[in-house]
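S.K.: sequence and computational prediction follow.
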Amino acid sequence: MPVFYKGELFSGPGGMSKGAQEAKVTDPQTGDIYKIEHLWANDFDADTCKTFGKNICGNEEDPSVHLGPVEKLPIGNQNILPDIDCLAFGFPCNDYSQVGKKHGLEGEYGPLYSYGVKAIREYQPQFFVAENVGGLQSANEGKAFIQILMELEECGYHLTPHLYKFEEYGIPQARHRILIVGIRNDLYEKGIEFKVPAPTTPTPDKYVTSKQAITDPPILDFSLNHDFPRHSEKVKTMLSHIPEGGNAWHPNIPEELRLKVKGARLSSIYKRLDSKRPAYTVTGSGGGGTHMYHWKENRALTNRERARLQTFEDDFEFIGSRESIRKQIGMAVPVKGAKLIFEAILKTFAGIEYDYVDPEPKVQLENLRAKQDKRAAKELANLV
């Protein structure tokens with residue numbers, strides 16, 4: 001039974017790992033089952049580590065889940081972090097997000113990808129999966145994306161980066177993320193070449209809607225993490241004037257109930273879901289008005305409803321306060337999205353064909369390196 005043992009950095013509550021656990025492929029020729037098993041993980045948030053431990057390991061305090069900043073993680077120490085066959089890391093997106101300040105590599109979180117690079121160099125896993133927001137492509141005028149790809153390639157891997165639009169894969173949410181799959185060069189040269197799996201719901205009429213995700217099947221009143229939020233009468237009255245898909249600037253809202261804030265009219269502030277479409281992106285932070293709102297009822301979603309949009313099953317229990325859980329859910333990789341990627345990787349190793357598409361953006365690292373060299377030469381010339 002071919003088993004790939006996985007290490008994970010910036011693990012979050014376990015969306016990536018749950019998808020990896022659920023991904024199993026049977027070789028039709030030999031009957032061998034290809035699967036992925038958790039070996040160790042790391043995150044800096046205590047509640048997040050407990051959530052991961054409970055749901056992935058069966059124990060909130062599992063010693064394989066290492067709490068603390070990645071900078072202090074003993075990467076390469078076989079006694080603490082033993083050898084792995086694959087690595088997953090969703091390095092923090094704060095400095096690459098379109099809704100953030102977009103500091104890129106120069107931000108507080110921008111350089112943290114380098115610990116993924118360090119782990120790849122130390123362990124030389126057979127494959128890795130790195131995840132970040134779509135804004136990674138444009139951070140630092142594209143320099144961040146180029147640098148990250150070049151460093152990963154220099155570790156000895158063939159890369160397939162792709163912007164996945166998860167609504168095209170049956171996820172009830174318009175969540176667009178860059179995932180970089182790396183196959184070690186010696187394996188790639190033997191014919192193990194990862195292909196981007198083709199969308200399973202490629203047209204809008206096939207998308208899973210937010211209403212379908214939340215109501216089919218219904219969420220039971222006693223379900224985990226399903227506490228209903230409390231709102232002031234003013235907020236509930238304002239919401240009553242906002243139609244599906246509308247936000248705090250909808251013209252139906254009476255003047256006395258409107259927010260006294262200029263701009264941001266296309267934002268997600270007090271924005272209702274559209275029951276006929278996938279949800280807009282679930283986020284993990286933000287103050288009043290950013291909690292994602294029900295298409296009909298005058299309230300924000302519960303954490304269990306948000307978890308449904310991230311394709312967590314109802315028996316997946318999040319640990320922590322309501323706001324801590326909201327953050328965990330918003331930062332997670334959709335379980336079914338991760339499962340689809342890992343299944344495609346396992347099929348690649350098993351030699352099983354599947355439908356695929358060309359990656360977007362199409363990246364030729366030789367061209368990127370040439371552009372970077374030209375840019376560096378130009379900047380140097382300007383300094384002379």
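M.R.: Here it is on my side, so go on.
S.K.: okay, now the unreliable bits of the protein?
M.R.: By pLDDT under 70, the low-scoring segments of the chain are 1, 92-110, 133-142, 262-266, 362-384.
S.K.: what are the boundaries of the helices in the stretch 1-150 of the chain?
M.R.: In order along the chain, the stretch 1-150 of the chain carries the following helices (DSSP state H, counting those that start in this stretch): 15-22, 46-52, 113-123, 143-154.
S.K.: possible to save those helices as TSV with distance to residue 345?
M.R.: Where C-beta positions appear, they are placed from N, C-alpha and C, glycine not excepted. Written out in TSV, the entries for these read as follows (distance: least, Cβ to Cβ, whole Å):
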stretch	distance to residue 345
helix 15-22	9
helix 46-52	21
helix 113-123	15
helix 143-154	16
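S.K.: mind checking which of those is nearest residue 277?
M.R.: helix 15-22 (22.0 Å; Cβ to Cβ).
S.K.: and residue 239, that's in a helix?
M.R.: Yes - counting by DSSP: H, G, I helix; E, B strand; the rest coil, one finds residue 239 located in a helix.
S.K.: right, and it touches residue 271 too?
M.R.: No - with the criterion set as Cβ atoms under 8 Å, residue 239 and residue 271 do not qualify as a contacting pair; they are 10.4 Å apart.
S.K.: common neighbours of those two, please.
M.R.: With Cβ atoms under 8 Å, 6 or more residues apart in numbering applied, the overlap between the contact sets of residue 239 and residue 271 consists of residue 293.
S.K.: can you put the helices of the stretch 1-150 of the chain in JSON lines and add mean neighbour count?
M.R.: Formatted as JSON lines, these follow (neighbours: other Cβ atoms under 10 Å):
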{"stretch": "helix 15-22", "mean neighbour count": "25"}
{"stretch": "helix 46-52", "mean neighbour count": "24"}
{"stretch": "helix 113-123", "mean neighbour count": "20"}
{"stretch": "helix 143-154", "mean neighbour count": "19"}
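S.K.: which stretch among the ones you listed comes nearest residue 75?
M.R.: When these are compared for distance to residue 75 using Cβ to Cβ, the nearest one is helix 113-123, at 5.1 Å.
S.K.: which outside residues touch that closest one?
M.R.: With contact meaning Cβ under 8 Å, 6+ apart, helix 113-123 is reached by 7, 9, 70-71, 73, 75-76, 83-84, 87, 89, 91, 128, 130, 132, 148, 151-152, 155, 157, 182.
S.K.: can I get it in PDB, CA atoms only?
M.R.: Listed in PDB are the C-alpha atoms of helix 113-123, where the atom choice follows Å, rounded to 0.1, in the frame of the first residue of the first chain:
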ATOM      1  CA  TYR A 113       7.200  31.200   2.600                       C
ATOM      2  CA  SER A 114      11.000  30.700   3.000                       C
ATOM      3  CA  TYR A 115      10.400  28.200   5.800                       C
ATOM      4  CA  GLY A 116       8.500  26.000   3.300                       C
ATOM      5  CA  VAL A 117      11.600  26.300   1.100                       C
ATOM      6  CA  LYS A 118      13.800  25.300   4.000                       C
ATOM      7  CA  ALA A 119      11.700  22.200   4.800                       C
ATOM      8  CA  ILE A 120      11.800  21.200   1.100                       C
ATOM      9  CA  ARG A 121      15.500  21.500   1.100                       C
ATOM     10  CA  GLU A 122      15.900  19.500   4.300                       C
ATOM     11  CA  TYR A 123      13.500  16.700   3.600                       C
END
